[in-house]
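Visitor: Here is a sequence with its predicted model. Questions after.
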Amino acid sequence: MTEIRLHDTMAREKRVFAPTDPKRVTMYVCGPTVYNRAHIGNARPAVVFDLLARLLRHVYGPDSLIYARNVTDVDDKIIEAAREEGVEPSVVTERFECFYLDDMGALGVAPPDIAPHATAHVAPMIAMIARLIALGNAYEADGHVLFHVPSDPDYGALGRRDREAMIAGARVEVASYKKDPADFVLWKPSDDGVIGWEAPWGRGRPGWHIECSAMIRAHLGETIDIHGGGLDLIFPHHENEIAQSRCAHDGAPLARYWVHNGFLSMAGSEKMSKSLGNVVTVGELLAQGHKGAHLRLALLLGHYRQPLEWSARLVGQAQRTLDNLRNGYQRWKLSQTKLPVPAPQHDDLFVERLADDLNTPDAISVMTGLAKEGQWQRVVGCAALLGLDEYILEGRGEPGTFRGRSLDYWINERVEAKKRRDFAEADRIRAELAAEGIVLEDGPEGTSWRRG
Ligand code: AMP
Ligand code: ZN
């Protein structure tokens with residue numbers, strides 16, 4: 001079996017990936033807060049973890065992985081956006097979740113197996129908060145419930161920051177009701193007219209961090225194999241998730257591998273983010289005429305842990321690479337007289353590169369090397385793992401199709417018709433293809449075609 005190695009933020013080194021149960025690998029990635037359109041930086045974790053999911057399924061089997069990516073659909077920014085528009089928060093969240101799924105779909109990101117919504121998991125969040133209070137890790141103050149950071153001696157293991165840096169970095173409110181400035185909110189009160197749920201501590205809403213801890217527990221269990229997200233989530237979000245979950249679960253660790261992607265930046269600036277005003281959304285890029293597959297490859301041209309600078313040059317490079325692969329494949333396909341065209345094949349070196357902490361730059365150069373050697377079945381196999389095969393296989397204005405379907409499809413339809421003894425249908429398919437100048441020839445190895 002291929003050995004996957006992943007850089008684990010907790011261990012600060014690459015480790016061989018060994019799931020607890022290879023038949024049930026669990027992965028959770030912090031998903032979007034749905035109140036605006038995703039920028040191409042937000043798409044980086046979606047694409048990176050989609051690729052990791054494909055690799056895990058390739059290695060452990062198609063049904064081996066449970067991949068959950070949450071939807072944060074209650075949050076102060078959502079409440080603010082809804083207020084400005086004069087609508088319920090759900091109007092905002094449903095709209096932007098649809099946009100998110102469309103945008104990520106255009107980038108070839110498959111929907112995760114589970115997409116838990118925070119608003120549908122308030123009961124397990126309340127239960128976890130109550131347990132943390134009972135255990136002495138959290139306390140109620142002024143309608144809030146706070147996690148008491150000094151109650152957890154292991155707090156801070158992921159980011160390994162010193163206490164002063166943590167307090168400054170968290171930018172948490174220094175409120176009079178806090179026992180310690182590092183304490184963070186698990187529950188906060190909602191004013192009348194603001195979205196809220198009844199809880200033992202009064203009507204309110206959950207903090208952001210408890211959402212992930214409770215949903216991971218509800219869907220995947222106490223300890224998962226992989227927890228992922230962008231670098232900015234290490235502190236405070238993931239540090240806080242770890243503390244809540246470990247304290248609530250008798251010391252069981254939340255995740256066995258912590259995987260974080262680096263930032264995407266705009267040329268000349270630090271990080272693409274809405275607050276810096278240097279964003280380009282996926283929707284804008286698609287409207288400019290970029291193909292989703294080009295954008296996806298552009299995101300994968302750099303190693304996921306490294307910073308990546310978004311530029312016209314990067315997208316141009318992705319476009320040229322992918323279009324060369326597609327044109328080469330389509331030419332090769334036309335030169336094949338036998339149908340179906342030989343099936344895609346996997347390439348060991350390519351998989352090995354990808355399995356080495358998702359080394360996409362090296363894996364992509366293995367793929368382009370195979371193209372130079374004319375090994376197109378392997379190129380398609382590589383592209384399938386990268387989530388780029390559709391673009392290469394589709395071709396544009398490609399002559400090997402009839403009525404929008406590949407010739408393989410029609411040959412197969414005719415075989416099926418013959419199996420059902422529907423000879424009229426089989427003859428009709430042959431005649432219609434013949435009218436387009438495509439001659440089918442039945443032989444001992446099956447049906448082939450040539451241009452008549
Ligand atoms: P947000 O909606 O801001 O919580 O971000 C959603 C995901 O995108 C998180 O995993 C973030 O870490 C990630 N993210 C946000 N901005 C960037 C960026 N510029 N580059 C890479 N990842 C980012
Ligand atoms: Zn999270």
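Guide: Here it is on my side, so go on. Ligands and ions are numbered 1, 2, ... in the order given.
Visitor: And the residue of the stretch 51-200 of the chain that's closest to ligand 1?
Guide: Taking Cβ to the nearest ligand atom as the measure, the stretch 51-200 of the chain has Thr72 as its residue closest to ligand 1, at 7.2 Å. Backbone N, C-alpha and C define where each C-beta goes, glycine included.
Visitor: was I right about that residue contacting Trp208?
Guide: Yes - Thr72 is in contact with Trp208 according to Cβ atoms under 8 Å; the separation is 6.6 Å.
Visitor: Not counting its own residues, what contacts stretch 177-188?
Guide: With Cβ atoms under 8 Å, 6 or more residues apart in numbering as the test, stretch 177-188 has contacts from 126, 129, 132, 138-139, 141-150, 163, 166-167, 170, 172, 174, 199, 201, 204-207, 209-210, 236, 240, 244.
Visitor: just for the stretch 151-300 of the chain, where's the confidence low?
Guide: 169-174 (pLDDT under 70).
Visitor: show me where it has strands.
Guide: Along the stretch 151-300 of the chain, counting by DSSP state E, counting those that start in this stretch, strands occupy 184-189, 204-206, 224-230, 255-261, 264-266.
Visitor: hmm, which of the contacts of stretch 177-188 are the buried ones?
Guide: Among those, those classed as buried by 16 or more other Cβ atoms under 10 Å are 126, 129, 132, 138-139, 144-149, 166-167, 170, 172, 199, 201, 204-207, 209-210, 236, 240, 244.
Visitor: just checking, which of those residues belong to helices?
Guide: Ile126, Ile129, Leu132, Met166, Ile167, Ala170, His209, Ile210, Asn240, Gln244 (DSSP state H).
Visitor: For the stretch 101-250 of the chain, what lies in contact range of ligand 2?
Guide: Neighbours of ligand 2 within the stretch 101-250 of the chain, by Cβ under 5 Å from the ion: Cys212.
Visitor: can we see that at 8 Å?
Guide: Contacts of the stretch 101-250 of the chain with ligand 2, taken as Cβ under 8 Å from the ion, map to Trp208, His209, Glu211, Cys212, Gly229, Leu233, His237, His238, Glu241.
Visitor: need those residues in a markdown table with distance to Ala218, can you?
Guide: Below are those laid out as a markdown table (distance: Cβ to Cβ, whole Å):
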| residue | distance to Ala218 |
| --- | --- |
| Trp208 | 16 |
| His209 | 15 |
| Glu211 | 11 |
| Cys212 | 11 |
| Gly229 | 19 |
| Leu233 | 20 |
| His237 | 18 |
| His238 | 18 |
| Glu241 | 14 |
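Visitor: for the residue of the stretch 51-200 of the chain closest to ligand 1, what are its contacts?
Guide: Gly31, Pro32, Thr33, Val34, Ile78, Ala118, Trp208, Glu211.
Visitor: what are the bridge partners for it, then?
Guide: Beta-bridge partners recorded for Thr72 (DSSP bridges): Thr33.
Visitor: per-residue pLDDT, it?
Guide: Note for Thr72: predicted pLDDT of 98.
Visitor: Likewise for Thr119?
Guide: 98.
Visitor: Counting neighbours, what do you get for the nearest residue to Phe235 once chain neighbours are set aside?
Guide: In space, and not counting its chain neighbours, Phe235 is closest to Gly159: 4.0 Å by Cβ to Cβ, 6 or more residues apart in numbering. Applying the criterion other Cβ atoms under 10 Å, we find 18 residues in the vicinity of Gly159.
Visitor: do Leu440 as well
Guide: For Leu440, the neighbour count with other Cβ under 10 Å is 19.
Visitor: next one: Glu88
Guide: Residues lying near Glu88 (other Cβ under 10 Å) number 11.
Visitor: Now do the closest residue to it other than its chain neighbours: how many residues are near it, please.
Guide: Take Glu88 and drop its neighbours on the chain: the residue closest to it by Cβ to Cβ, 6+ apart is Ala82, 6.3 Å away. Residues near Ala82, counting by other Cβ under 10 Å, number 19.
Visitor: do the same with Trp208
Guide: 19.
Visitor: ok, now Glu164?
Guide: Quick note: Glu164 (other Cβ under 10 Å) scores 10 neighbours.
Visitor: do the same with Phe99
Guide: 18.
Visitor: got the contact list for it?
Guide: Applying Cβ under 8 Å, 6+ apart to Phe99 gives the contacts Arg37, Ala38, Gly283.
Visitor: Off-centre distance for the helix or strand containing Gly105?
Guide: In the assignment (DSSP states H and E), Gly105 maps to helix 89-106. Computed by Cα atoms, centre = their mean, to the nearest Å, the separation of helix 89-106 from the middle of its chain amounts to 15 Å.
Visitor: and that helix with ligand 1, contact?
Guide: No - using Cβ under 6 Å from any ligand atom, helix 89-106 never reaches ligand 1; the gap is at least 9.3 Å.
Visitor: List the buried residues for that helix?
Guide: Pro89, Val92, Thr93, Phe96, Glu97, Phe99, Tyr100, Leu101, Asp103, Met104, Ala106.
Visitor: can you count the residues close to the residue lying closest to Glu441 once chain neighbours are set aside?
Guide: Sequence neighbours aside, Ser448 is the residue nearest to Glu441 in space, at 5.3 Å (criterion: Cβ to Cβ, 6+ apart). Taking other Cβ under 10 Å as the criterion, the count of residues near Ser448 is 17.
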